[in-house]
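Asks: Provide a 3D model corresponding to the input given below.
(one chain, ligands or ions: 2)
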Amino acid sequence: MQERQPSLIDRFDRRITYLRLSVTDRCDLRCVYCMAKDMTFLPREQLLTLEENARLGRCFSELGVHKIRITGGEPLVRRNVLWLFQRLGALPGIRDLALTTNGTLLTRHARMLKSAGVTRVNISLDSLRPERFRAITRLGDLNKALAGIDAALAASFERVKLNSVILKHRNHDEVCDLVQFAVDRGLDISFIEEMPLGVSSDHDRAEAFYSSDQIRRDLAKQFDLTPSTERTGGPSRYWRLNAAASSADGGRGRCTHVGFISPHSHNFCGDCNRVRVTADGRLLLCLGQEFSIDLRRVLRANPSDDERVKQAIRSAISSKPRGHDFELDAQPIIVRHMNATGG
Ligand code: SAM
Ligand code: SF4
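Replies: Numbers count the residues shown, from 1 in each chain. Ligands and ions are numbered 1, 2, ... in the order given. All right, here's what the predicted structure looks like:
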C-alpha cells in the first residue's frame, strides 16, 4: 500500500483538506455578478486536460485532501466531464466529491453523477420569477434550472443545496420565497454576498450590496432561525430553520439549513481549509488574492513524476496568505472573474 504523505499545513497552522477544482471557464449562462456580457474564454490548449485534472486530484488526495468540489464556469458544459467524476470518485482518500452547477444540464447528468460517486450538489438559483431569472443570468430559462433541481432530488445525493447571490433591487425581496422553496423540497440554501471579482459593467457593486445580516432580518419576519454549530472551514455560517416552518419538506423529514456566505461582514479566513485550481491550472491559495502558482507547467514538465507535482503543491501551501482583502468601494484588485476562478 502507498505510504500516506504528511498533511498540508500552512504557516498559520491551517490544515488544507479541501480542493476546489475549476474544469472550465465557459458557461451556458452569463450571470451579471459573475461574467461580463461579452467574455473571451481561454483557448482550449491552455485548459488542463481531464487527465491532468484527474492527476491533480490524485496528488492532492495523497497529500491529505479528502474533499474535492468540481466547479467552473459551468462544469457540466465540459465534454466528457463525467469521466473525471468517475476517476475522482474512485480515489480512496476522497470522502466527499461535490459539484457546483447552475443546474441547466442536470436532467441529463444527475443519475450518472450519483453513480460516479458525487455526494453533494450545490445548485445556483437567484430568483423564482422567470423574467428576473433571465435578467440576472442574461440567458437562462428558469424551467430548465427547476427541472435540474428535481433531477438532483430524484438522484438522491447526500445533500443538495441551493446558492443564491442576493443583490439589492434585483432579487433581495425574494429571500423568503427562496427559503420556502427550499423548505418545501427538503433542501438547504445559502445566501451569498456578491464578491468584487472582475470589473462589473452591469451594476455598481457597493450600491447593489445586500448584507447577510439584512437577509437574516428579512427572514426572521417569516421564519424561526436558530444558529447552528455546523462549520465548513469557509465563509458559510449556518442557521437551522425550526420544525414548524420545515414541516412541508415533501415528507423527507429533514430540517432546512440556511447558510450565509459573507466575505464582507465576517472574517472567515482564520479557519480556511481550502485551495483552488483554476481551469488553466493555477493554484490559488486565497480567493481574495491574485497570487498563484502555475501547476500546469509543473504537470507538463513532469508527465510521469507525481512526486514533483506534490512537492510544488507542498511548497505553495507555505505561501498561503493569512486572509483576503475585499473592498466594495475600491477598484477590484482581483481582475479575474468568478468563472475563471471557480466559485
Ligand atoms: N456555474 C456554476 C454555478 O453557477 O453554480 C458553478 C460556478 S459559479 C462561479 C459558482 C458560484 O459562484 C455560484 O453559486 C455563483 O452564484 C457564485 N458567484 C459567481 N460570481 C460571484 C460573485 N461575484 N460574488 C459572489 N458569488 C458569485
Ligand atoms: Fe455561469 Fe455559474 Fe457564472 Fe452564472 S455563476 S455565469 S452559471 S459560471
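Asks: Please enumerate the helices of the stretch 201-343 of the chain.
Replies: 205-208, 212-220, 243-246, 295-301, 306-317, 338-341 (DSSP state H, counting those that start in this stretch).
Asks: So which of those helices is nearest R282?
Replies: R282 lies closest to helix 295-301 among those, at 6.9 Å (C-beta to C-beta). In this view, the C-beta of every residue, glycine as well, is placed from N, C-alpha and C.
Asks: re the thing from before, same list, the helices of the stretch 201-343 of the chain, but as CSV with mean neighbour count and distance to P75 please.
Replies: Compiled in CSV, the helices of the stretch 201-343 of the chain are given as follows (neighbours: other C-beta atoms under 10 Å; distance: least, C-beta to C-beta, whole Å):
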stretch, mean neighbour count, distance to P75
helix 205-208, 15, 26
helix 212-220, 17, 26
helix 243-246, 14, 30
helix 295-301, 18, 18
helix 306-317, 17, 22
helix 338-341, 26, 11
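Asks: Out of those helices, name the one with the poorest average pLDDT.
Replies: Confidence, taken as mean pLDDT, is least for helix 243-246 of the helices of the stretch 201-343 of the chain (a mean of 53).
Asks: Show the end-to-end separation of stretch 286-301, please.
Replies: End-to-end distance of stretch 286-301 (C-alpha to C-alpha, to the nearest Å): 25 Å.
Asks: and it, how far out from the chain's middle?
Replies: Mean C-alpha position of stretch 286-301 versus that of the full chain (C-alpha atoms, centre = their mean, to the nearest Å) differs by 19 Å.
Asks: Wondering if that stretch reaches ligand 1 at all.
Replies: No: Stretch 286-301 does not reach ligand 1 (C-beta under 6 Å from any ligand atom); its nearest approach is 9.7 Å.
Asks: Next: stretch 93-106.
Replies: Yes: with C-beta under 6 Å from any ligand atom as the criterion, ligand 1 is reached by stretch 93-106 at T100, T101, N102.
Asks: Please enumerate the strands of the stretch 101-250 of the chain.
Replies: 120-124, 159-165, 188-192, 225-231, 236-241 (DSSP state E, counting those that start in this stretch).
Asks: The third one vs strand 225-231, what angle?
Replies: For strand 188-192 and strand 225-231, the angle between their directions (axes from the mean of the first three to the mean of the last three C-alpha atoms, to 10 degrees) works out to 90 degrees.
Asks: what's strand 188-192 packed up against?
Replies: For strand 188-192, the packing partners by 3 or more C-beta pairs under 8 Å, 6 or more residues apart in numbering; DSSP states H and E come out as strand 159-165, helix 175-185, strand 257-261.
Asks: Figure out which of those is closest to A54.
Replies: strand 159-165 (23.8 Å).
Asks: Output the set of residues of the chain in proximity to ligand 2.
Replies: Proximity of the chain to ligand 2 (C-beta under 6 Å from any ligand atom) is limited to residues 27, 29-31, 34-35, 72-74, 102, 124, 338-339.
Asks: wait, what's in contact with the residue of the stretch 151-300 of the chain found nearest ligand 2?
Replies: Going by C-beta to the nearest ligand atom, ligand 2 is nearest to V165 of the stretch 151-300 of the chain, at 7.7 Å. Taking C-beta atoms under 8 Å, 6 or more residues apart in numbering, we find V165 in contact with C31, Y33, S124, D126, F191, I192, E193, E194.
Asks: what helix or strand is L56 on?
Replies: Counting by DSSP states H and E, the element that carries L56 is helix 50-62.
Asks: Can you mark which positions in that helix are buried?
Replies: For helix 50-62, the neighbour count (16 or more other C-beta atoms under 10 Å) marks L50, E52, N53, A54, R55, L56, G57, R58, C59, F60, S61, E62 as buried.
Asks: Over to stretch 100-116?
Replies: Buried residues in stretch 100-116, counted by 16+ other C-beta under 10 Å: 100-107, 109-110, 113-114, 116.
Asks: repeat for stretch 143-152
Replies: K144, A145, L146, G148, I149, A151, A152.
Asks: Reformat those residues as TSV; add distance to S211 and pLDDT.
Replies: Shown next, in TSV, are the buried residues of stretch 143-152 (distance: C-beta to C-beta, whole Å; pLDDT from 0 to 100):
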residue	distance to S211	pLDDT
K144	30	98
A145	25	98
L146	28	98
G148	29	98
I149	26	98
A151	33	98
A152	29	98
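Asks: quick check, nearest of these to V183?
Replies: Distances from V183 to the buried residues of stretch 143-152, taken as C-beta to C-beta, are shortest for I149 (13.5 Å).
Asks: For the closest residue to R170 other than its chain neighbours, which residues are in contact?
Replies: Excluding its sequence neighbours, the residue lying closest to R170 (C-beta to C-beta, 6 or more residues apart in numbering) is I136, at 6.2 Å. Shown in contact with I136 (C-beta under 8 Å, 6+ apart): C31, V32, D126, S127, L167, R170, N171.
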